[in-house]
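A.B. asks: generate coordinates for the sequence data below:
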Amino acid sequence: MKPGYMTRLLAVALVGAFGLCLLSGSTVLAGKVQLPAGQAIKVKIDSAQKVSSGSLKQGDKVKISLAEPVVIGGVTIVEAGAPGTATVAEVQKAGKPGKGGMLKLKFEELQGKGSFKPAKGAGIKLDGEAVAKGGNKKIISFILGFGLLIKGGQGQFAAGTVLDAKIKEATMLEN
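C.D. replies: Here you go, the predicted structure:
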């Protein structure tokens, strides 16, 4: 045998075993990964909560969750369903005559879910806003002649509505 043959053979065997572990779905990754600032993600409104300009006020918290997993290099870093929060940044209730309401949410934070978690229990800071506007009914209210009695529609997000957000700042996750 040539010198170093056994060392090369052992190296090839280890690389092959590592590859088989990856293909079989075994988790062999350990360490840290960084979520880049500005990465686009999808969040959704918690289905158990009514999110309407008629029932919320500025500063109220709204439950959200991650709609799709965050995947980097083929590895799921944050699983879908990770809980988070948004804050009511601005709200206008629907009014008379036929004036529609408006609701603006500001995305705040997402918790880790899965193998990777933010260091020391910190959250993943989010960036972005979503606006829902209620329908105006001014024309109908004036045509019918009793416009002062008809309210516009509330600005609202239906349960499960999927919205676009971004990672606000680079975040280190560990497993």
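
A.B. asks: how many residues are close by Ala86?
C.D. replies: Per other C-beta atoms under 10 Å, the neighbour tally for Ala86 reads 27. For glycine as for every other residue, the C-beta is placed from the backbone atoms N, C-alpha and C.

A.B. asks: and it, that's in a helix?
C.D. replies: No. Using DSSP: H, G, I helix; E, B strand; the rest coil, the assignment for Ala86 is strand, not a helix.

A.B. asks: now Gly84: how far from Gly100?
C.D. replies: As judged by C-beta to C-beta, to the nearest Å, Gly84 and Gly100 stand 28 Å apart.

A.B. asks: same deal with Gly152?
C.D. replies: On the measure of C-beta to C-beta, Gly152 and Gly100 end up 4 Å apart.

A.B. asks: what do you get for Val71?
C.D. replies: 39 Å.

A.B. asks: and these two? Which one has more around it.
C.D. replies: Each of Val71 and Gly100 has its neighbours counted (other C-beta under 10 Å); Gly100 has more, 21 against 10.

A.B. asks: isn't the more buried one right up against Ala132?
C.D. replies: No. Counting by C-beta atoms under 8 Å, Gly100 stays clear of Ala132, with 10.0 Å between them.

A.B. asks: any common contacting residues for the two?
C.D. replies: Listed as contacting both Gly100 and Ala132 by C-beta atoms under 8 Å, 6 or more residues apart in numbering are Gly155.

A.B. asks: ranges for the helices of the chain?
C.D. replies: All helices of the chain, identified by DSSP state H, fall at 5-23, 138-143.

A.B. asks: and the closest residue to Val51 other than its chain neighbours, how close does it get to Gly73?
C.D. replies: Distances taken as C-beta to C-beta, 6 or more residues apart in numbering place Phe157 nearest to Val51, at 4.4 Å, with adjacent residues excluded. Separation of Phe157 from Gly73 (C-beta to C-beta): 33 Å.

A.B. asks: who has more neighbours, those two?
C.D. replies: Phe157 (22 against 7).

A.B. asks: which residue ends up closest to the midpoint of the protein in space?
C.D. replies: Geometric centre of the chain, nearest residue: Val43, 2.9 Å, by C-alpha atoms, centre = their mean.
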